[in-house]
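Participant: What would the 3D arrangement of this be:
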Amino acid sequence: MVRVNVKLRVGFEDFLPVYGTIGAAAADLLAAVNESVVLKSGESKLIPTGIHIELPENFMMHITPRSGFALKHGISIVNSPGIVDSDYRGEVGVILINHGKEDFVVERGDRVAQATIIKAERAEFEIVNELSDTERSYGGFGHTGKK
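Facilitator: Numbering: from 1, shown residues only. Below you'll find the predicted structure:
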């Protein structure tokens, strides 16, 4: 288990990310808003979470949309997945977008996204003249068909 230090914004001391079930891979992030936020159809807004985090070096927070919001309301995250780097100390925010046809209201304490803590290996990039061949090789963007 990875230890993540969390500093909570004043007024949101009970907004610690929490896992919904024993088998949940991601913790819920809550909307740290004092007033309702209305997302009109096609609109995006930054929703604060009330948390500042200190991740261990070589780890990141991976922020993804909630599947129920996506299915029922067309709500997603603009830059999905969102990435929080280990050296970031500002408040974590979630950029929600309303792809639905109706207004969507975000209230204080709503679970607006989910966060997974992931090991992030750094790569050493090396220029080469040739790449190894594979069965797929340069095929992409649906080259294997639908079925």
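Participant: contacts, neighbours, all on C-alpha from now
Facilitator: Noted.
Participant: Now tell me which helix or strand of this protein has the poorest mean pLDDT.
Facilitator: In the chain, no helix or strand scores lower on mean pLDDT, DSSP states H and E than helix 67-73, which sits at a mean of 92.
Participant: Secondary structure element holding the residue with the largest distance to the centre of the chain?
Facilitator: Taking C-alpha atoms, centre = their mean, the residue of the chain most remote from its mean C-alpha position is residue 129, at 36.4 Å. Residue 129 belongs to no helix or strand when elements are defined using DSSP states H and E.
Participant: Can you spell out which residues form a bridge with the spatially most central residue of the chain?
Facilitator: Nearest to the geometric centre of the chain sits residue 63, at 1.4 Å (C-alpha atoms, centre = their mean). Residue 63 forms beta bridges with residue 82, residue 115, as assigned by DSSP bridges.
Participant: contacting residues around it?
Facilitator: By C-alpha atoms under 8 Å, 6 or more residues apart in numbering, residue 63 lies in contact with 80, 81, 82, 83, 84, 94, 113, 114, 115, 116.
Participant: For it, give its distance to residue 96.
Facilitator: 11 Å (C-alpha to C-alpha, to the nearest Å).
Participant: before we move on, what about residue 135?
Facilitator: 39 Å.
Participant: So for those two, which sits in the more crowded spot?
Facilitator: Counting neighbours by other C-alpha atoms under 10 Å for residue 135 and for residue 96 shows that residue 96 has the greater number, 22 against 6.
Participant: Correct me if wrong, but that one is in a strand.
Facilitator: Yes. Under DSSP: H, G, I helix; E, B strand; the rest coil, residue 96 sits within a strand.
Participant: Start the count at 42 instead of 1 going forward.
Facilitator: OK, 42 is where the count begins now, so the last one is residue 137.
Participant: okay, now the residue nearest to it when sequence neighbours are not counted: neighbour count?
Facilitator: Nearest non-adjacent residue to residue 137, counting by C-alpha to C-alpha, 6 or more residues apart in numbering: residue 118, 4.6 Å away. Counted with other C-alpha under 10 Å, the neighbours of residue 118 add up to 23.
Participant: And residue 43, by the same measure?
Facilitator: Using other C-alpha under 10 Å, residue 43 has 10 neighbouring residues.
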